[in-house]
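> pasting a predicted model and its sequence here:
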Amino acid sequence: MNFEQARYNMIEQQIRPWEVLNEDVLDLLFVVKREEFVPAAYRSLAFADVEIPLGHDACMLAPKIEAHALQALRVRKSDKVLEIGAGSGYMAALLAAHAEHVWSVEIVPQLAEQARATLRRMDIGNVTVETGDAASGWPAHMPYDVIMVSGSLPVLPPQLTAQLKIGGRLFAVIGEAPAMQARLITRMTESSYQDIALFETVTTALINAPQPARFIF
């Protein structure tokens, strides 16, 4: 398989037409080798417009969602980033390219160890993969400039947005199939947030994601 041609096709045929036009983001997708983070059995699908199974009920996000998140979050070199759901480690690697440090939290110990190993092999030193359940936040290193939720949430827990600095940005896909929205939430003051709906999509939920209250009849 010609990975470089496939990577080019992914960027020019999937991502750029989907209104990801930030050249820094597009350039980064050429540099960080997605195929190195994909399980061997799915390597031929590394650049396809699909979620890639990682086992343990986890998936890599589709490439265009990863790219849209990077464009929306506008990560800066001074930013401290929380990623919820390390998965393969690929999204952490993308975030790390523009951040000061990324804490990527994975609930499945086997996936956390695989992500650590791949990031080490790729010589990416400003990511710390921690094992735990961060679906409702990860206060250990708060406040954060950026929070990336690498999986959907049926509802957005308020304690998660409370871990943002003022001016901090959070990207998450929120809702339940078939009605999910990718949203960018920016903390404006101690008590106010800007919430922008970016696009509609459907993606796999985080393991142990908080559930909405249900009426019982």
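Right, received. Where do you want to start? Residues are numbered from 1 along each chain as shown.
> local confidence estimate at I216?
In this model, I216 is scored at 61, pLDDT.
> A58 against L111, yeah?
Yes: with contact taken as C-beta atoms under 8 Å, A58 and L111 are classed as touching, separated by 6.0 Å. Placement of C-beta: from N, CA and C, glycine included.
> if I look at these two, which residues touch both of them?
G87 (C-beta atoms under 8 Å, 6 or more residues apart in numbering).
> what segments of the chain are strands?
If DSSP state E is used as the criterion, the strands of the chain fall at 52-55, 58-60, 80-84, 101-106, 127-131, 144-153, 164-176, 179-187, 193-201.
> what about those strands, which gets the closest to A72?
The closest of the strands of the chain to A72 is strand 179-187. By C-beta to C-beta, the value is 4.6 Å.
> quick one, that closest one and strand 164-176 angle?
For strand 179-187 against strand 164-176, the angle by axes from the mean of the first three to the mean of the last three C-alpha atoms, to 10 degrees is 170 degrees.
> tell me which residues of strand 179-187 come out buried.
Buried residues in strand 179-187, defined by neighbour count with 16 or more other C-beta atoms under 10 Å: M180, Q181, A182, R183, L184, I185, T186, R187.
> which one is the second one nearest to, not counting chain neighbours?
The reference is to Q181. Take Q181 and drop its neighbours on the chain: the residue closest to it by C-beta to C-beta, 6 or more residues apart in numbering is A197, 5.0 Å away.
> hmm, the one you found is touching R183, no?
Yes: A197 sits in contact with R183 when judged by C-beta under 8 Å, with a separation of 5.6 Å.
> ok, M10 - contacts?
With the criterion set at C-beta under 8 Å, 6+ apart, M10 makes contact with L29, R34, F47, D49, P63.
> what does I52 give?
Contacts for I52 (C-beta under 8 Å, 6+ apart) come out as V38, P39, Y42, L45, A46, C59, M60, S88.
> for it, give me the pLDDT.
97.
> which helix runs longest in the chain?
Determined from DSSP state H, the single longest helix within the chain is helix 109-121.
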